[in-house]
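1. Everything below, folded, please.
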Amino acid sequence: MSKSNFVIKNIVISAAADGIGWCIASFFIEQGHTVFLSDINQQKINEIKKHPLFNKRIFIENINASDPGSVKKYFESLTNKLSSIDALINNVGIAGPTGVMEDLSIDDWKQTIDINLNSHFYFTKFAIPLLKKNQGGSIINLSSTAGLFGFPLRTPYAASKWAIIGVTKSLAMELGKFNIRVNAICPGSVSGDRIDRVIAAKASSLGISERELREDFEGMVSLKTFVDKEDIANMATFLVSEEAKRVSGQIMTVDGHTERMD
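-> Below is the predicted model:
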């Protein structure tokens, strides 16, 4: 697209003060778009507020994504800033507990579902009217390869990520007539602190070394490596772009080709 045809897009991204969310936001910022971010981590939010583009093309608020009232207020504040949005990226998620089902805490199960699944519902519910006013746009849900395979010892996480696949497929059918595209990205193991914690917890549960489990994780994929958060950001920018204007209801894996998750 030539510079003269460039249109600034308004993009809402949840859980975007750090990690994959901030990486995705950074890619859109570099392209010249405006991002409306939210997160629950005030320390990371304060760091973003030091960015030279804060309150110009970067806006961020502290909200609890699993609280529908908090999400509703967030979107009410958005409507005071703009009349429509071009894209919503649902990035909220936690790893959840590790262990066999009979040993899992009921509260841990509920928390994982509430944060990983219900937050997507809240954000999407309140974003749809703004996307309709835009006469189209893109919704991206962050699922996982755990939403495509069985994932022993991580059942709550897998359940939430499988559910996101169903939401994505169904919503794409609901919203297609409004020119709103809905897709899911399924990352594999993404390098960083989070996967390090997951490996530590599962290695402890299995009674093996973290190094042994990390090698097993890498062996689960054809490319024998973890992916980087930049790989996820590249896919997100593609799905929001005009190049993906006919892509909807799709599950886009960015995982080096996962072969198993046992």
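
2. Let me see the contact set for the residue nearest the centre of the chain.
-> Centre of the chain computed as the mean C-alpha position; nearest residue by Cα atoms, centre = their mean is N91, 2.3 Å away. Listed by Cβ atoms under 8 Å, 6 or more residues apart in numbering, the contact partners of N91 are 13-16, 20-21, 24, 142. All C-beta atoms are positioned from the backbone trio N, CA, C, and that covers glycine.

3. Surely V35 is in a strand?
-> Yes - under DSSP: H, G, I helix; E, B strand; the rest coil, V35 sits within a strand.

4. Report the strands that pair with the top strand by length along the chain, each with its relative direction.
-> In the chain, assigned by DSSP state E, the strand with the most residues is strand 180-187. Partner strands and pairing direction for strand 180-187 (DSSP bridges) are strand 137-142 (parallel), strand 251-254 (parallel).

5. what does the helix or strand immediately after the longest one in the chain rub up against?
-> Using DSSP states H and E, the helix or strand that follows strand 137-142 towards the C-terminus is helix 155-175. Contacts with helix 155-175, where a contact means Cβ under 8 Å, 6+ apart, come from 93, 95-97, 101, 104, 108-109, 112-113, 116-117, 120-121, 124, 128, 131, 139, 141-144, 146-151, 181-184, 186, 248-249, 251.

6. ok, back up a step: tell me how far the residue nearest to the centre of the chain lies from T253.
-> 17 Å (Cβ to Cβ, to the nearest Å).

7. Just to check, T79 is in contact with L130?
-> Yes - at 7.2 Å, T79 counts as touching L130 under the criterion of Cβ atoms under 8 Å.

8. okay, the two: which has more neighbours?
-> L130 (20 against 14; other Cβ atoms under 10 Å).

9. Could you look up the SS state of the residue nearest to that one when sequence neighbours are not counted?
-> In this structure, L130 finds its nearest non-sequential neighbour in I85, 4.4 Å apart by Cβ to Cβ, 6 or more residues apart in numbering. Secondary structure assignment for I85 (three-state DSSP): coil.

10. same deal with I20?
-> helix.

11. Compute the number of surrounding residues for it.
-> I20: 26 surrounding residues under other Cβ under 10 Å.

12. From W109, how far off is the residue nearest to it when sequence neighbours are not counted?
-> Counting by Cβ to Cβ, 6+ apart, I20 lies nearest to K229, which is 4.7 Å off, once chain neighbours are set aside. K229 sits 27 Å away from W109 when distances are taken as Cβ to Cβ.

13. and if you look at N64?
-> For N64 relative to W109 (Cβ to Cβ), the value is 19 Å.

14. cool, and D39?
-> Counting by Cβ to Cβ, the gap from D39 to W109 is 24 Å.

15. doesn't A16 make contact with the residue nearest to I20?
-> No - with contacts counted by Cβ under 8 Å, K229 stays clear of A16, the gap being 11.8 Å.

16. In terms of neighbours, single out the busier of the two.
-> For K229 versus A16, neighbours defined as other Cβ under 10 Å are more numerous around A16 (28 against 19).

17. Now do the closest residue to the more buried one other than its chain neighbours, the pLDDT please.
-> Spatial nearest neighbour of A16, excluding adjacent residues (Cβ to Cβ, 6+ apart): L37 at 4.0 Å. With respect to pLDDT, L37 has a value of 98.

18. What residues does T79 make contact with?
-> Shown in contact with T79 (Cβ under 8 Å, 6+ apart): L130.

19. G150 versus the residue nearest to the centre of the chain, what's the distance?
-> For N91 relative to G150 (Cβ to Cβ), the value is 24 Å.

20. Ok, N116 next?
-> For N116, the distance to G150 - Cβ to Cβ - is 17 Å.

21. Have a look at these two and say which one is more surrounded.
-> N116 (27 against 12).

22. separation between the closest residue to the more buried one other than its chain neighbours and R194?
-> Spatial nearest neighbour of N116, chain neighbours left out: S160 (3.5 Å); criterion: Cβ to Cβ, 6+ apart. In this view, S160 and R194 are 15 Å apart by Cβ to Cβ.

23. All set now, cheers.
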